[in-house]
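# fold the following.
(one chain, ligands or ions: 1)
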Amino acid sequence: MITSPIASFPEPYPGECFGGVALRFWELYGASAPRRFLFQKLNIRLSDITGIPTALARIVERIPSYSETSIDSLLEKHTAWPFYRPFLTDSSLRKAWKKIVQGPKGSMQLTLGDAASRLSIKRGLQICVSCAAIDREIVGRPFFHIEHQLPGVVCCPIHGTELLRNRDVWRVLDRLDVIVDSTSPIPASNDELKLARLASSLLSANLHCIENDLVVGSYLERLRSLNLITKMGRVRYGELQDRVAQTFSQNMLIRIGGAGKDAQNWYHSILFRPDRSHHPVKHLLLIGAIYGTIDAFQGALMQRELVFNTKKDAPPKRDISVDVRRASADTGKSFTQIADELGLSVTTCITHAKRQGMNVPSRPKLLTRDLIRRIGNLAAKGISAKTIANDASISAVTVYRVIRSDRAIEQSWKQAREQVARARHRSIWSKKMGLSTQRGVKALRQRAPATYAWLYRHDRDWLNTHKPIA
Ligand SMILES: [Zn+2]
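Model prediction:
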């Protein structure tokens, strides 16, 4: 298992999906094909790119700029987790949470009920051409929005145009600019827009796991007021299904596999099998048909007075301190063992143990004043953290910590590192150019994508004057 720190994992853009961030990491540093590079470096697989990533603790603890709350904020802001979470049962929620934080690696499909849902949901990364144009203006490049990757969604909730789907996830970044430039937006149908907007507001409503009784109770109450339940208490499924089809369209229901008898069973299952988790898209169809909007649905939930307040009821937010104390209570386990068991980093574990007043055996301090000064001097020369770590026989994480603890050192280190990187990328680019004078920029760019990306972002003037004459 690789444990070395990753100093320069890209900062996610607002609303960017985790998969997109990982692909940008490849773009910046990838020396081999993206699938191989991401697997070898971060154990990231296809399902982490197109779905909700798993075993995140292993990745997050290697990124020095991230803290122990980073998994939460990654999940909240950069994955579809807030979309799935509200409708999971307690046990699915716990299972899913464990898999996301701790692993094992692998697709979340089973845990979240995607595979068993009988919905036909296509995988891949999607992009909106109009959003891409805006992103270019704002951050300088198109990127993948989480809002566009929600299951069942094929349309941009803002622009109402069809999303472009790229099934070849591993090569999409290479061609992103070309794809975006060569496509004009196509308006999507009204019902697709409705679903996209419902999905997007479910994502941003940021609901925590809603108690199943509350959800089902609200649904039944609403169905009763719409006269979709008989006096005898039977749900009129046929009429309910018609209402769903009118709200959206038969075509759309066929597309996602929700037409006919099957869908009637979904609604029956949602209403009378609260022990199971049902796919959020099924809930969305129902909510769309009987409430119209997520806001109205949320209002109904609140009216039932079992008010859920995002803070009050956040369930899977576990209390790490308690976990740590419990895990260390019985035996003389080491903190490394406990950390492993709980899917946390050792540092996090020890921080919490100290907070709980537990006795933490301290290690002898290796970091003397002299050593700190030496690290500072080496850093100012732009020497890589790894080399400094080797030289001083300490871990690279410690080196980063020392560098980060002093603004001046950090600044000069960054500048010096940038100079080193500039020299390296310029030389790679020049060499590639010399080898293939016949090729255009595009071909060259494909041969050295990371170098191109670096120069494009940090050294564009130079790049513009160092292009092959095509
Ligand atoms: Zn858009």
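
# scan this structure for its longest helix.
Ranked by residue count under DSSP state H, the longest helix found in the chain is helix 407-435.

# which strands and helices sit next to it?
Packing partners of helix 407-435 (3 or more CB pairs under 8 Å, 6 or more residues apart in numbering; DSSP states H and E): helix 369-380, helix 396-404, helix 441-447, helix 449-458. Glycine gets a C-beta too; all of them are placed from N, C-alpha and C.

# and the contacts of the first one?
Residues from elsewhere that reach helix 369-380 (CB atoms under 8 Å, 6 or more residues apart in numbering): 385, 387-388, 391-392, 394, 399, 402-403, 406, 409, 412-413, 416.

# residue 247: what's it in contact with?
By CB under 8 Å, 6+ apart, the contact set of residue 247 is 191, 194, 285, 288-289.

# now with 6 Å?
288-289 (CB atoms under 6 Å, 6 or more residues apart in numbering).

# following the helix or strand containing residue 254, which helix or strand shows up next?
Residue 254 is located in helix 250-256, with elements delineated by DSSP states H and E. As assigned by DSSP H and E, the chain's next helix or strand after helix 250-256 is helix 261-272.

# for whichever helix or strand comes after that following helix, name the packing helices and strands.
Of the helices and strands lying after helix 261-272 in sequence (DSSP H and E), the nearest is helix 280-290. Judged by 3 or more CB pairs under 6 Å, 6 or more residues apart in numbering; DSSP states H and E, helix 280-290 is in contact with helix 237-247.

# how far is the helix holding residue 254 from where the chain is centred?
Relative to its chain's centre, helix 250-256 lies at 28 Å (CA atoms, centre = their mean, to the nearest Å).

# list the buried ones in it?
For helix 250-256, the neighbour count (16 or more other CB atoms under 10 Å) marks 252-253, 255-256 as buried.

# circling back to that earlier point, and the contacts of helix 369-380 as JSON lines, adding pLDDT?
Formatted as JSON lines, the contacts of helix 369-380 follow (pLDDT from 0 to 100):
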{"residue": "385", "pLDDT": "81"}
{"residue": "387", "pLDDT": "84"}
{"residue": "388", "pLDDT": "85"}
{"residue": "391", "pLDDT": "80"}
{"residue": "392", "pLDDT": "78"}
{"residue": "394", "pLDDT": "80"}
{"residue": "399", "pLDDT": "81"}
{"residue": "402", "pLDDT": "79"}
{"residue": "403", "pLDDT": "79"}
{"residue": "406", "pLDDT": "75"}
{"residue": "409", "pLDDT": "81"}
{"residue": "412", "pLDDT": "84"}
{"residue": "413", "pLDDT": "84"}
{"residue": "416", "pLDDT": "85"}
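
# check contacts around residue 243.
With contact set as CB under 6 Å, 6+ apart, residue 243 has these partners: residue 289.

# check it and give its pLDDT.
With respect to pLDDT, residue 243 scores 94.

# same question for residue 469.
Model confidence at residue 469, given as pLDDT, is 66.

# near the ion, which residues of the chain?
Within the chain, the residues that sit near the ion (CB under 5 Å from the ion) are 128, 130-131, 156, 158-159.

# just those: which are in strands?
Per DSSP state E, strands hold no members of the residues of the chain next to the ion.

# look up the closest residue to residue 173, ignoring the ones flanking it.
Nearest non-adjacent residue to residue 173, counting by CB to CB, 6 or more residues apart in numbering: residue 23, 4.9 Å away.

# ranges for the helices of the stretch 101-250 of the chain?
For the stretch 101-250 of the chain, applying DSSP state H, counting those that start in this stretch gives helices covering 109-112, 129-139, 172-181, 190-205, 212-225, 237-247, 250-256.

# turn those helices into CSV, including distance to residue 93.
Output for the helices of the stretch 101-250 of the chain, formatted as CSV (distance: least, CB to CB, whole Å):
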stretch, distance to residue 93
helix 109-112, 10
helix 129-139, 31
helix 172-181, 32
helix 190-205, 16
helix 212-225, 11
helix 237-247, 26
helix 250-256, 24
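
# by mean pLDDT, show me the worst of those.
Taking the mean pLDDT of those, helix 109-112 comes last: a mean of 71.

# export that helix to CSV, keeping only CA atoms.
What follows is helix 109-112, C-alpha atoms only, in CSV (Å, rounded to 0.1, in the frame of the first residue of the first chain):
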residue,chain,number,x,y,z
GLN,A,109,-24.0,0.4,-6.5
LEU,A,110,-25.0,-2.5,-4.3
THR,A,111,-24.9,-0.6,-1.1
LEU,A,112,-27.0,2.3,-2.5
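
# before we move on, back to that, buried set for the longest helix of the chain?
By neighbour count with 16+ other CB under 10 Å, helix 407-435 contains the buried residues 409-410, 412-413, 416-417, 421, 425-426, 428-429, 432-433.

# what do you get for stretch 184-203?
Buried residues in stretch 184-203, counted by 16+ other CB under 10 Å: 185, 188-189, 191-203.

# which residues are contacting it?
Contact partners of stretch 184-203, identified using CB under 6 Å, 6+ apart, comprise 82-83, 129-130, 147, 150, 153-155, 157, 160-162, 248-249, 252, 284, 288, 294.

# the residue nearest to residue 83 when sequence neighbours are not counted and the ion, how far apart?
Nearest residue to residue 83 in three dimensions, chain neighbours excluded: residue 203, at 4.7 Å (CB to CB, 6+ apart). According to CB to the ion, to the nearest Å, residue 203 and the ion sit 15 Å apart.

# need the pLDDT of the spatially closest residue to residue 430 that is not a sequence neighbour.
Counting by CB to CB, 6+ apart, residue 430 lies nearest to residue 466, which is 6.8 Å off, once chain neighbours are set aside. Per-residue pLDDT puts residue 466 at 84.

# tell me how many other residues surround residue 390.
Around residue 390 there are 12 other residues, counting by other CB atoms under 10 Å.

# in what helix or strand does it lie?
Element membership for residue 390, per DSSP H and E: helix 385-392.

# so which elements touch that helix?
Contacts defined by 3+ CB pairs under 6 Å, 6+ apart place helix 385-392 against helix 396-404.

# domain parsing for this structure?
The chain breaks down by automatic domain parsing into domains covering 18-114, 125-191, 320-355, 369-465.

# quick check: which of the helices and strands packed on helix 407-435 is buried the most?
By mean neighbour count, with neighbours taken as mean count of other CB atoms under 10 Å, helix 396-404 ranks first of these at a mean of 20.

# tell me how far that one lies from the chain's centre.
The answer for helix 396-404 is 27 Å, by CA atoms, centre = their mean.

# repeat for stretch 237-252
In terms of CA atoms, centre = their mean, the centre of stretch 237-252 is set 32 Å apart from its chain centre.

# also stretch 253-261?
Worked out by CA atoms, centre = their mean, stretch 253-261 lies 29 Å from the chain centre.
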